[in-house]
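Asks: Got a sequence here, can you build the structure:
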Amino acid sequence: MQYELLMDYMDMWKRYMKHDNHKLGFPSRSIGINNSSSTSFDDMIEEADNEIVRTISAVIDSLDIEQRKAIWAKWLGTKKPMYYEFKLQLAIDNLLTIVGRRLDI
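Replies: A predicted model of the protein is given here:
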């Protein structure tokens, strides 16, 4: 996986993490109104993006707690851990490897 692509994915993850979701689990569309089984291109792109964000989130959750804190500090604005730059670099290296394997990129 290329570094630039991972940074784009991390920005998607950041938007996802900062997005307030008050839908209470209800679908955004009614099931009975549209009888066609085809999905639009935008729906397919949105689903692919959601899958990427879920993968990124799962990989971040699997990292060492100090690496997670460094990622949270960079993208979510939380408090930086001690040796922040070193831990962030380790986390990014791990993300490049693990996400690249999981997404086959």
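Asks: So which helix or strand of this protein has the lowest pLDDT on average?
Replies: Among the helical and strand segments of the chain, the one scoring lowest on mean pLDDT, DSSP states H and E is helix 41-62, with a mean of 90.
Asks: who touches the helix or strand following it?
Replies: Sequence order places helix 65-76 as the next helix or strand after helix 41-62, per DSSP states H and E. Residues outside helix 65-76 that contact it (Cβ atoms under 8 Å, 6 or more residues apart in numbering): 10-11, 13-14, 17-18, 60-61, 63, 78-81, 84, 87-88, 90-91, 94-95. In this view, the C-beta of every residue, glycine as well, is placed from N, C-alpha and C.
Asks: out of those residues, which are inside helices?
Replies: Counting by DSSP state H, the contacts of helix 65-76 place 10-11, 13-14, 17-18, 60-61, 84, 87-88, 90-91, 94-95 in helices.
Asks: What separation is there between residue 4 and residue 66?
Replies: Noted for residue 4: a distance of 25 Å to residue 66, by Cβ to Cβ, to the nearest Å.
Asks: Looking at the two now, which is surrounded by more residues?
Replies: residue 66 (16 against 8; other Cβ atoms under 10 Å).
Asks: what's around residue 91, how many residues?
Replies: When neighbours are defined as other Cβ under 10 Å, residue 91 has 22 of them.
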